[in-house]
Structure formats: C-alpha cells, structure tokens
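1. fold the following for me, if possible:
(2 chains)
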Amino acid sequence: MSVNATNLVKTFSSGTDVAAVGGVSFSAPEGKVTSLLGPSGSGKSTLLRLIAGLEEPDSGSIAIQGKDVTSLPVKKREVGFVFQSYALFKHMTVRDNIAFGMEIRRASRARIDERVKELLSLIQLEGYQHRFPSQLSGGQRQRVALARALATEPKVLLLDEPFGALDAQVRVELRGWLSTFHEQTGVTTLLVTHDQEEALELSHHVVLLNGGLVAQGGAPHELYDHPASPFVASFLGGANVLKSRAQDGRRVSTFVRPHDVRLAKATTDSADLELGTVDRLARIGGNVKLTVTLPSGDAMSVQLSKLELDRLGLQLGDRVAVDVTSSKVFVDDYAI
Amino acid sequence: MSGTVTSRLGASSKRHSQVATESPWVRRLLIAIAALFLGIALLLPLSVVFASAFSKGLEPFFAALTQPETISAIELTLLTAGIAVPLNAVFGMAAAWLVSRYDFWGKSALITLIDLPFSVSPVISGLIFVLLFGAQGVFGSFLSAHDLKIIFAVPGIVIATTFVTFPLVAREVLAVMQAQGSDEEEAALTLGASGFRIFTRITLPKIRWGALYGLILCNARAMGEFGAVSVVSGHIRGQTNTLPLHVEILYNEYNFVGAFAVAALLASLALVTLFVKKGIELSSALKARRLTRRVEEARLSLLPASHSASTARSSAEQRSLA
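-> Purely as a prediction, here's the structure:
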C-alpha cells in the first residue's frame, strides 16, 4: 500500500467546532488511482491537504510507501500537488513553471531541459514552453500544472478537484486524457472530486466520504453494487427511494437505480405486477429518461436505451408494468 | 491600481448604461465640476508656488536653494526618507504577510492598529514620541543618563516619520496579497521550495507593483511630513529642520522667494515621484506587450509557411485598417 492514513482527525478552530476530518483511515494502492469522493463539506479536500502536509492533523498518522511522514514538512514528503485553481506561477513561462521544482533540487540545466521536453510531449503541449499561463486555456493550464507536479518525480500525485474549474466538455475530454496519462506514468494518484462519474471512471479504488468520515471504501463497482448505507446508495447512481413499512412495523427505504427497472406495456395478464403511468419522457441522446408514477403515488425515474424504448413503443400516458431487477433495502435509522 | 479602478467603473457604467446615457448634461456638468475643482485645488496652487518662486528671476531662486540651511534641510529630508522608507518596506511587507497568510487571535485588532497612524492626527503622533522620549517622558531619565538624544534630534524625526508613513506600504501590499491568495505559495511549497525561496521567487514578483506603489507613496509622504516632525524636531536651523519645516520658517520671516523656492523643490520631488511611478507603469505595460508579441512570433514560426504568410497578411491588413 502506497498511502496509508490512520485515524486522521482535523478540526478547524474558526467557526463551528465540527471536525472537518473526524477519524479517517484508508489505504491507497500503489500505482493506482484512488478517488476521495464526497459531497462538498465532506472533508475530502482537507484530507488531501493533510496528506500533502499543507495542514497539520490534530491526531492520527500518515504513511507514504511505508514511511511515517506525519511530522515531515511538505517539502520532504515528495508529493506532487495539483490545485483546482491551477496555481501556476503567473510571472513565469510554461518552461519555468515546470522547471521550478527541479531547479530547487539543483538539477543540471541539461537534465531540466530534457525533462521539460519530455513532460511537454506527455501533456501534448510541445512548442508552448515560452508561453505564459495567461496565454493558455483552462485545460492547457491544468495540464501544465500536472506536468509541474510530476517534474520532480513524486512518490504520490495529489489532485484536488483538478477539473473543477473547467467547463463540462473540456472536463470530459481531460478525464479521458488523464486516464491514458496515468497508464503512461503509473504514478500513485489520489484524486479529490465531488463528481461521481469522474471517480467511477478514473479510479481503481474509491473512498466515499460523508461529514468527515469514511462512508465506504472499495472498488467502484463494489460501492455501486453493494452500498453499505443509504447515503452510499443515494449518492452513487442517483437512486429512487421508496419508503414503506416492513412486516414488523419498522420503516424501510428501498433504493432502486433508474436502470435497474424493466418496463413492459400493460396487458390484461400483468395484474400481478405493479402498474404505473408514464408521466414524463425525455430523450437525451441515446438514452431516455422516464418518470413513472406508481400506484403508491411515488414517482420513479427510469432509464432506458432509445432502442429499448422503440422496441416497447411506449408513449406518454401509457400504463406500464414495472419490474425491479435489483434493489437495496435499508431499515431507517431513527438515530439521525 | 488605477487599472482595476477604471475597469470596475467601466463595467458598472456598462451595466447602468441607461443611467449614463440618459443625461449628457449631467455628465458634462460633473466633468466640469471635477475639472474646476482640480484646477482650483491642484493646478492653481501648484502654479502659484512656481510663479512665486521665480517671481524675482532665476538668481534669487537658486540663491535660496544653495543657502547652507536649505542644503542641510535637503540632506536631512533625504536621510529621513532614506531610513524611513526601507524600514517601512520591511515592516509593511512583514505585517501584510502575517495578516494575509495566518489566522490568529487578535488579527482584526492588528489590522486596525496598522491603520492607527492614519487615523491619529500627525501632531498627536509627534506628541506621543515627546511623551515617550522627551526629557520629562517615560524613557527620559534613562536616555539622559546614557546621553542619548531622540527628541529635538535626528532620531526623533526619523522615528516620527516612520510611524506616520507606516500604513502606506502595509496597506498596499496587504490588499495585493489578499487579492491574490496563497495558492501559488502553497504550490511552491509542495515543489520543495524553502520559505525564503518562496518569498523571493513567488511572492515578491507577485506583489512588486503593489509594493512599489506603496513605496512611492511612502517616500512622498516621508519627504513632505510636517505635523509629527514639527513637534519632535525643535526647529534647530541647520540641524533638525526638514524641507517642510524650513518652508515654514522662511515664510514666517517674510522671505517669500526663499519659502516658495524650497516649496517648489518639494513639489518637484513629488512630481518626479509621480512621473517615476507613471514611467514604471508604462514600461511594465510595454514589456508585457513585447512579450506577447514575441510569443506570437514564436507561435507563427511553428505554423506551416503558407498559414503564417496569410496570418501576417491579415495582420498587415488590420494595421492598415487601423
């Protein structure tokens, strides 16, 4: 394991005394991408800054490649950090930005030039070495920030919402690019994001955080298919929540993902299945989003492929049989 | 500084274009009032100063300036500014760094304290130092026992000037530092830079214009400070007279040509300061433009020949259009 955090606690004195990180333990595997995923305020950025050494933990420990770094200053931790705001040195050229860390380590000029060239080709910005950050687009700036963080060959690459400041299209592009980029470099990466799609697509391991605590950690499909709590189930995949009462009288919530529902046009012999009404129908590219109102009054979103919809021949207002192929039931917790 | 202000005004005038275009008369009236005020409050006095200085010709003017007492006042003023400005550069940047980078108890009180020299009348500032270091003051007996003279001597003038001009650098630098945040410093930290390295390679280049602006203002005020210096100086001719004090003495002696000659010199110092500031702004703008052009050329040279030729042609066309 390349990065190990054990019982990390961090409380900020200003404002409320609620811990930003309230006892977090997790491990990030060597050479893989691990996502720290969570809604805003879940403590994921603070956790990343603790690992980088930009914040000091109240208690707990951090180890990088088996070595305890909890009391080491930032510059001795050998981490590369990429900020959401890029944080490029505005008064320096692209070349000088990338070279900064190597110059501090007193690398030879020839070595620096060689490495800068190598990194520029890696981030596909050859010929841009004399530009200033202000002359680059957002996506280009973020790639330069990535090259700068990698120039000193860090043990761990820490990315704090790296695509947060970019527009949606560039974000998707850069996500695909980062995936390839990671395959080429193979550096252990920790990615902080609030975007579950980003986390599920890019990472081998996901640590889902909520309120400064780990909600669940594991492979993306594990979290997706076997959520450990109602929070995980509703955060990932945007599930429908159906409230009901179990036989023993306890309230339960059933989580159903929009694509775990099969629909069929209602016929006379489908009486044993629940019948719903198609109330809304929106085609989004190859997918179709439907809202089906159930007899209980609950509205359920359903996702179908365009092909499937055409096959079923469904129209707005049609009565449909609803078959849930997979769901997860949680007993409601009254403690909250 | 002025750039941000104009752009902000520009944006708001665009947003309220209805208001701005509605009454050209009001606009003209406002411009006229501003021009009139500038003329009466700034240009007129300035021209009177120069006119009076040269009213008896060039010779009395230069005679007044080469008087030993005037020369000693010039020397003292330069010495005072020469000590106060570097001190305030260091104090100001340190204070701005502290306030913008760290959170600590009593931070807002410290920010208020930084402004204190501005909110207190300079005369009172001077009086504070008399009460501290004067013969009857808190440290009076200690100082006289060790034969140290602060009040009615050069050290007092330097201390009073430093105190009065302290907020100028601190405020300018603080504003710039707060606006720019500390992301770049943190990035440098993760790249392994030491604190000193971060300051010289990242922070200083970031704040240089703000700092320079603060220094120029600080220098202008240090040379022109009257109130606080007047209280601590004792007006000993040839010893503790700065230029502003010297102007007053000459004026009270009905030596109008002399008074206005020295005043003209002081005003010139201020004008030179302003020109230096403008020059620095211009040269930095020029440098930025040259840089952009160089990058543009480098970019063109990377493109295939036919493309760059057409781009060159279109830019030539644009130029001829312009």
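
2. how much space between A:Leu158 and A:Leu122?
-> 18 Å (C-beta to C-beta, to the nearest Å). From N, CA and C alone the C-beta is placed, and that goes for glycine too.

3. which one's more surrounded, these two?
-> A:Leu158 (26 against 16; other C-beta atoms under 10 Å in any protein chain shown).

4. could you verify that A:Val144 is part of a helix?
-> Yes - A:Val144 sits within a helix when classified using DSSP: H, G, I helix; E, B strand; the rest coil.

5. contact partners for it?
-> A:Tyr86, A:Leu88, A:Val94, A:Asn97, A:Ile98, A:Ile123, A:Leu125, A:Tyr128, A:Pro133, A:Leu136 (C-beta atoms under 8 Å, 6 or more residues apart in numbering or on different chains).

6. on the pLDDT front, check it for me.
-> Looking at A:Val144, its pLDDT is 94.

7. distance of it relative to B:Ala193?
-> For A:Val144 relative to B:Ala193 (C-beta to C-beta), the value is 18 Å.

8. now the spatially most central residue of chain B: which helix or strand?
-> In chain B, the C-alpha nearest the mean C-alpha coordinate belongs to B:Leu217, at 1.0 Å (C-alpha atoms, centre = their mean). With elements taken from DSSP states H and E, the one containing B:Leu217 is helix B:204-224.

9. for that helix, which helices and strands make contact with it?
-> helix B:68-101, helix B:154-180, helix B:243-252, helix B:256-302 (3 or more C-beta pairs under 8 Å, 6 or more residues apart in numbering or on different chains; DSSP states H and E).

10. pretty sure A:Ser229 contacts A:Val331?
-> No - counting by C-beta atoms under 8 Å, A:Ser229 stays clear of A:Val331, with 11.2 Å between them.

11. the two: who's more crowded?
-> Per other C-beta under 10 Å, whichever of A:Ser229 and A:Val331 has more neighbours is A:Ser229, with 15 against 12.

12. skipping adjacent residues, who's closest to that one in space?
-> With sequence-adjacent residues excluded and distances taken as C-beta to C-beta, 6 or more residues apart in numbering or on different chains, A:Ser229 is closest to A:Ala215, at 6.1 Å.

13. buried residues in whichever strand or helix holds that neighbour?
-> In the assignment (DSSP H and E), A:Ala215 maps to strand A:213-218. For strand A:213-218, the neighbour count (16 or more other C-beta atoms under 10 Å in any protein chain shown) marks A:Val214, A:Ala215, A:Gln216, A:Gly217 as buried.

14. give me the beta-bridge partners of the closest residue to the last one other than its chain neighbours?
-> Leaving aside its sequence neighbours, A:Gly217 sits nearest to A:Val207 (C-beta to C-beta, 6+ apart; 4.5 Å). With DSSP bridges applied, the residues forming beta bridges to A:Val207 are A:Leu36, A:Gly217.

15. I'd assumed A:Ser27 was in contact with A:Val207.
-> No - contact criterion C-beta under 8 Å: A:Val207 and A:Ser27 do not qualify, at 9.0 Å.

16. what is in contact with the two at once?
-> With C-beta under 8 Å, 6+ apart, A:Val207 and A:Ser27 have no common neighbours.

17. so between the two, which is more surrounded?
-> It is A:Val207, of A:Val207 and A:Ser27, that has more neighbours when counted by other C-beta under 10 Å, with 27 against 16.

18. got the residue ranges for the helices in the stretch 201-336 of chain A?
-> Counting by DSSP state H, counting those that start in this stretch, the stretch 201-336 of chain A has helices at residues A:220-225, A:230-235, A:306-312.

19. rewinding a little: most tightly packed of the helices and strands packed on helix B:204-224?
-> helix B:154-180 (a mean of 23; mean count of other C-beta atoms under 10 Å in any protein chain shown).

20. which stretches of chain A have low pLDDT?
-> For chain A, applying pLDDT under 70 flags the ranges A:1, A:14-18, A:268-274, A:333-336.

21. point to the residue nearest the middle of it.
-> A:Ala199 (3.0 Å).

22. how near is it to A:His221?
-> Applying C-beta to C-beta to A:Ala199 and A:His221 gives a distance of 12 Å.

23. any low-confidence regions in the stretch 1-150 of chain B?
-> Looking at the stretch 1-150 of chain B by pLDDT under 70, you get B:1-22.

24. need the contact list for A:Leu209.
-> A:Leu209 neighbours (C-beta under 8 Å, 6+ apart): A:Val24, A:Leu36, A:Leu37, A:Gly38, A:Ser42, A:Gly43, A:Lys44, A:Leu47, A:Ala215.

25. can you tell me the SS state at the closest residue to chain B within the stretch 151-300 of chain A?
-> Ranking the residues of the stretch 151-300 of chain A by distance to chain B (C-beta to the nearest C-beta) places A:Thr152 first, at 6.5 Å. Following three-state DSSP, we place A:Thr152 in the coil state.

26. name the residues of chain A found near chain B, please.
-> Chain A comes close to chain B at residues A:14, A:52, A:54, A:74-75, A:79-81, A:83, A:85, A:87-91, A:100-101, A:104-105, A:127, A:130-132, A:135, A:145, A:148-149, A:152, as judged by C-beta under 8 Å from any C-beta of the partner chain.

27. and residue 201, what does it touch?
-> Picking chain A for this. So A:Glu201 contacts A:Arg175, A:Ser179 (C-beta under 8 Å, 6+ apart).

28. nope, chain B
-> A:Phe100, B:Ala188, B:Ala193.

29. how far away is the residue nearest to the centre of chain B from B:Val164?
-> B:Leu217 is 12 Å from B:Val164, by C-beta to C-beta.

30. can you show me the strands along the stretch 1-150 of chain A?
-> A:3-11, A:19-28, A:33-37, A:59-64, A:67-68, A:79-82 (DSSP state E, counting those that start in this stretch).

31. reformat those as JSON lines; add distance to B:Leu204.
-> Formatted as JSON lines, the strands of the stretch 1-150 of chain A follow (distance: least, C-beta to C-beta, whole Å):
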{"stretch": "strand A:3-11", "distance to B:Leu204": "31"}
{"stretch": "strand A:19-28", "distance to B:Leu204": "32"}
{"stretch": "strand A:33-37", "distance to B:Leu204": "34"}
{"stretch": "strand A:59-64", "distance to B:Leu204": "32"}
{"stretch": "strand A:67-68", "distance to B:Leu204": "34"}
{"stretch": "strand A:79-82", "distance to B:Leu204": "22"}
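
32. report how many residues lie close to the closest residue in space to B:Thr240 that isn't next to it in sequence.
-> Nearest residue to B:Thr240 in three dimensions, chain neighbours excluded: B:Ser233, at 4.4 Å (C-beta to C-beta, 6+ apart). When counting by other C-beta under 10 Å, one arrives at 23 neighbours for B:Ser233.
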